[in-house]
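Enquirer: okay, sequence plus prediction incoming.
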Number of protein chains: 2
Amino acid sequence: MDRETASRIDDHRALRLWLRLFTCTQLIERRVRARLRERFDTTLPRFDLMSQLWRYPEGLKMNELSRHLMVTGGNVTGIVDPLEKDGLVERASEPADRRAYRVRLTRAGRKAFAEMARTQEEWIVELLAGLSRKEHAELYKLLGRVKQVTMEAGS
Amino acid sequence: MDRETASRIDDHRALRLWLRLFTCTQLIERRVRARLRERFDTTLPRFDLMSQLWRYPEGLKMNELSRHLMVTGGNVTGIVDPLEKDGLVERASEPADRRAYRVRLTRAGRKAFAEMARTQEEWIVELLAGLSRKEHAELYKLLGRVKQVTMEAGS
DNA sequence: TCAAGATACTTTAGGCCTAATCTATTCGAG
DNA sequence: CTCGAATAGATTAGGCCTAAAGTATCTTGA
């Protein structure tokens, strides 16, 4: 049972598309979360944050992390704090602006992330292995359209 | 800025597809959540739960709601309790099994949901209005494939 | 019959997330 | 230079969500 099958309020096209999109994302996301927990005793938000820092070895400020991850600043604080306590990231003071920090992966953080990223990609590849190259490409293109029209549409 | 643009750990096909899927869902979900809050002072989980009850006028047991919504039982308790307090749903005792309740929309709940559902569908239709009928159909089909292969793939 | 296990639901502890508010610092117009 | 506005970040209150453990009830099989 899932929300899409369950929730046929009506037969309308756009709504059905949205529900299916939501269901697909949820199916994949759940597995990734469960596996991150089982194998690495970590969470998706922590992984996502570390993946941003991985891309920016010089570090990111809290508000940059907030924008990249599309979450509120308070939330970033709440994820960085325990990562710092675990020794995976560090806050380096920013001489130019005493209000700001620069958050970076530590050596241990880089080591841990490299391993997790490699494994996580294997999960995704495996999960989507049933799709042909053509289906991949077509879906990627159409989702690009969704992204485009959604960002254009209103508020 | 969004997670997909931001997070190009590498160039691999499946991972990029997953990130884009995630981004699209998030874009739409955020708007729906924000609008439900602004216009109806409610939340997506509450809306989803009510939409299940709308489909089953005779009511659903807590564990049925749990399965339909794909969330834990404890979570269902946490959503039903305040809805009940607000007079939108009611717990009817189940004579056949004194452990169970049957949760139903109240008259007020039906009235509120009908209005919200109508409006929410308008938002989705509007948000996806930029897609052609053909794109809709193709995307729906491909997401069906994702659902299929994902559910088939392992654990 | 009746005890062991299963089932329905709730509770608890803990993490994620937001909006709103707070503190400290910087910027910028006069 | 200085004061008000903007900005960086942290904190708080509150809702969602999970896993695990707890309570009450039902079922089943010896």
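Expert: Nice, I can see it. Small disclaimer: the values here were computed from a predicted structure and weren't measured.
Enquirer: helices along chain A, start to end?
Expert: Under the criterion DSSP state H, chain A contains helices at A:3-6, A:13-40, A:44-55, A:62-69, A:73-85, A:107-127, A:133-152.
Enquirer: what packs against the third one?
Expert: In terms of contacts (3 or more CB pairs under 8 Å, 6 or more residues apart in numbering or on different chains; DSSP states H and E), helix A:44-55 is packed against helix A:13-40, helix A:62-69, helix A:73-85, strand A:89-93, strand A:101-105, helix A:107-127, helix B:3-6. No exception for glycine: its C-beta is placed from N, CA and C like everyone else's.
Enquirer: what does chain A put close to DNA strand C?
Expert: Contacts of chain A with DNA strand C, taken as CB under 7 Å from any atom of the strand, map to A:43-46, A:70-75, A:78-79, A:82, A:97-99.
Enquirer: try 10 Å this time
Expert: Residues of chain A lying close to DNA strand C by CB under 10 Å from any atom of the strand are A:33, A:37, A:42-49, A:66, A:69-83, A:94-100.
Enquirer: which among the residues you listed count as buried?
Expert: Buried residues within those, counting neighbours by 16 or more other CB atoms under 10 Å in any protein chain shown: A:42, A:44-49, A:66, A:69-71, A:76, A:79-80, A:83.
Enquirer: which residue does chain A have closest to DNA strand D?
Expert: Per CB to the nearest atom of the strand, A:G74 is where chain A lies closest to DNA strand D, at 2.4 Å.
Enquirer: ok, which of the helices of chain A comes nearest B:F22?
Expert: B:F22 lies closest to helix A:13-40 among those, at 5.8 Å (CB to CB).
Enquirer: helix A:44-55 and that closest one, what's the angle between them?
Expert: 80 degrees (axes from the mean of the first three to the mean of the last three CA atoms, to 10 degrees).
Enquirer: list the buried residues for helix A:13-40?
Expert: Of all the residues in helix A:13-40, those buried under the rule 16+ other CB under 10 Å are A:14-28, A:31-32, A:36, A:40.
Enquirer: ok, and the closest non-adjacent residue to the residue most central in space within chain A?
Expert: Nearest to the geometric centre of chain A sits A:D48, at 4.6 Å (CA atoms, centre = their mean). Excluding its sequence neighbours, the residue lying closest to A:D48 (CB to CB, 6 or more residues apart in numbering or on different chains) is A:L69, at 6.0 Å.
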